[in-house]
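A.B. asks: turn this into a structure:
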Amino acid sequence: MLSRIHSFILVGVDAQVCEVEVDVLHQGTEKNTIVGLAQLAVKESLERVDRAVKNSGYAVSRGMMINLAPADVKKEGPALDLPIAIGLMRGLNFIQTERHKEYLVAGELALDGRLRKIKGGLSMALLARDKGFKGVILPEENKREAAVVEGVEVIPVGTLAQAVGFLNELLDIEPYELDGEAYAASQQSSDLDFAEVRGQEAVKRAITIAAAGGHNILMIGPPGTGKSMLAARIPGILPPLGRAESLETTRIYSAMGLLPDGVALLDRRPVRTPHHSATAQALIGGGSIPRPGEVSLAHHGILFLDELPEFPRPVLETMRQPMESGEVTIARVHGSVKFPARFMLVAAMNPTESGYAPTDTRARDKYLAKLSGPLLDRIDIHVEVPAVPYRELTGKHAGTSSGQMREQVMRARAIQTQRFGEGPICNARMDSKLLRAHCELGETSLMLMKQAMDELGLSARAYDKVRRVARTIADMDGVQHINENHIAEAVQYRLLDRKF
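C.D. replies: Predicted coordinates:
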């Protein structure tokens, strides 16, 4: 008897319906065959399903032919174990209802019939909602992430026998629902405080501007000046994730299997700190079956690259497109996959290869030559982190705290929310249309910009970057129009601009 069960497969971080067709073979035939571009983990499911079904108390002495549609898309992972088992149960009349047609089904089977956690539970629930399914049947451990999606019944099952009982309407399983706390973003402040960083008030000012507008920032200074300490404290002054941002970020972590147990929605902005030995595939994503990289795992969060020139130049060059567009496109023979990658880049570097300030400009220029001009052009703020004088290092005055910086950031972000609406748009992401609407310059400011472009050789992109940063500074001052003081400060943060 032929049965059809609806499940899902992941294409990037998006879910796609996978129809699992199970045809039970004639009596005495115990050979199992699977077709439909199944990868190794899917092919191995035949053995898992066979033992799980028998160890769950169902007498099975027949083989089956399994087709996974669409047949031209690769399938990987063990999430198809449960739909294959359900298809076999339906084909042998152990399931005698049509209830399975209302649900998407997924789960990894243990040999004793227990269900283990799968990747992409949130994407599965979103797919069920979009395709008009009543709900999803999935492992207990995935219930919280799936229940985030409204309008979809989440049926958590712990064993194959429970799934069969539910589909036969012999076992009543209440749809799982989240409590209200799962939707509330965390308001807890970070344990790390900028007050612990002595001196560096000018750098703290630049960091506040970067956080307020979502701008990329590069810190340049010798070892021991506090670059890493400053970077580690930036997440503590950023606003919590909004609901839409949280859903997008959680979907990526769910698809990668990185969502912590019991977590429904990520409420803090992710921080990713890849080592400079990371490959292009690790940073950007890729593989024969494309997977997200560090830039996507930092979506709506921070990507911190310490010792920036030590990263291989070809690896850094792959970041240019996502820094501009906010997404990564991985092209393969069978098609392309897009991953979201809207992150705030925080980078740090020494002024020379030796680490210390150069006695002449040649050592500095040689070290900077490891970074391309187009990459530096995409970083909004370049700021120098000088050595801290002994007087400031030993002084009792703590300086600007995270609380003070967070207050300025939240005030500026509130203005941007009022300007752009609830969408995850900040000043750093303004397109040309929004720039024209919200970054109009007066006569004095235009003259100052002309002088800066002539003397520094600013590109058209850098010109727009200066206007975006100036808009953020004006928001922090609480004024509607950008003036020459805002432009002057924004131009100062183009430290590494030079004519190429």
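A.B. asks: how about the helices in the stretch 351-500 of the chain?
C.D. replies: Listed in chain order, the helices of the stretch 351-500 of the chain (DSSP state H, counting those that start in this stretch) span residues 361-368, 373-377, 390-394, 402-420, 432-438, 443-456, 460-477, 484-492.
A.B. asks: tell me which strands and helices the longest one is in contact with?
C.D. replies: Where contact means 3 or more Cβ pairs under 8 Å, 6 or more residues apart in numbering; DSSP states H and E, helix 402-420 is packed against helix 201-213, helix 460-477. C-beta here means a position set from N, CA and C on the backbone, and glycine is covered the same way.
A.B. asks: give me the nearest residue to V35, chain neighbours excluded.
C.D. replies: The spatial neighbour of V35 that comes closest, neighbours along the chain excluded (Cβ to Cβ, 6 or more residues apart in numbering), is N67 at 5.4 Å.
A.B. asks: now that neighbour, what's its secondary structure?
C.D. replies: Here N67 is recorded as strand under DSSP: H, G, I helix; E, B strand; the rest coil.
A.B. asks: element containing L345, please.
C.D. replies: Following DSSP states H and E, one finds L345 within strand 344-349.
A.B. asks: who are the packing partners of that strand?
C.D. replies: Counting by 3+ Cβ pairs under 8 Å, 6+ apart, the elements that strand 344-349 packs against turn out to be helix 201-213, strand 217-220, helix 227-233, strand 302-305.
A.B. asks: what's the domain layout of the chain?
C.D. replies: By the assignment in automatic domain parsing, the chain contains the domains 2-178, 194-429, 430-500.
A.B. asks: doesn't I34 fall inside a strand?
C.D. replies: Yes - counting by three-state DSSP, I34 is part of a strand.
A.B. asks: point out where the stretch 51-200 of the chain drops to low pLDDT.
C.D. replies: Across the stretch 51-200 of the chain, residues meeting the criterion (pLDDT under 70) sit at 180-190.
A.B. asks: can we see that at 90?
C.D. replies: Flagging of the stretch 51-200 of the chain using pLDDT under 90 yields the residue ranges 59-63, 72-74, 178-192, 197-199.
A.B. asks: thinking again about what came up before, out of the helices and strands packed on helix 402-420, which comes closest to L393?
C.D. replies: Nearest of the helices and strands packed on helix 402-420 to L393, taken as Cβ to Cβ: helix 201-213 at 13.3 Å.
A.B. asks: next, the angle from that closest one to strand 344-349.
C.D. replies: Per axes from the mean of the first three to the mean of the last three Cα atoms, to 10 degrees, the angle that helix 201-213 makes with strand 344-349 is 160 degrees.
A.B. asks: mean confidence (pLDDT) on helix 201-213, please.
C.D. replies: Helix 201-213 shows an average pLDDT of 96 in the prediction.
A.B. asks: next one: stretch 331-341
C.D. replies: 85.
A.B. asks: list of residues touching it?
C.D. replies: Outside stretch 331-341, the residues that touch it by Cβ atoms under 8 Å, 6 or more residues apart in numbering are 11-13, 72-74, 248, 252, 285, 288, 290, 292-293, 295-296, 298-299, 322, 326-330.
A.B. asks: what about that stretch, how long is it end to end?
C.D. replies: Terminal residues of stretch 331-341 lie 16 Å apart, using Cα to Cα, to the nearest Å.
A.B. asks: check which residues of it are buried.
C.D. replies: Within stretch 331-341, the residues that qualify as buried by neighbour count (16 or more other Cβ atoms under 10 Å) are V337, K338, F339, P340, A341.
A.B. asks: before we move on, back to that, any chance of the helices and strands packed on helix 402-420 in JSON lines, with distance to T361 and mean neighbour count too?
C.D. replies: As requested, the helices and strands packed on helix 402-420 are exported to JSON lines (distance: least, Cβ to Cβ, whole Å; neighbours: other Cβ atoms under 10 Å):
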{"stretch": "helix 201-213", "distance to T361": "22", "mean neighbour count": "23"}
{"stretch": "helix 460-477", "distance to T361": "21", "mean neighbour count": "22"}
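A.B. asks: returning to that earlier point: among the buried residues of stretch 331-341, which pair sits farthest apart?
C.D. replies: The largest distance within the buried residues of stretch 331-341, taken as Cβ to Cβ, falls between V337 and A341 and amounts to 12.3 Å.
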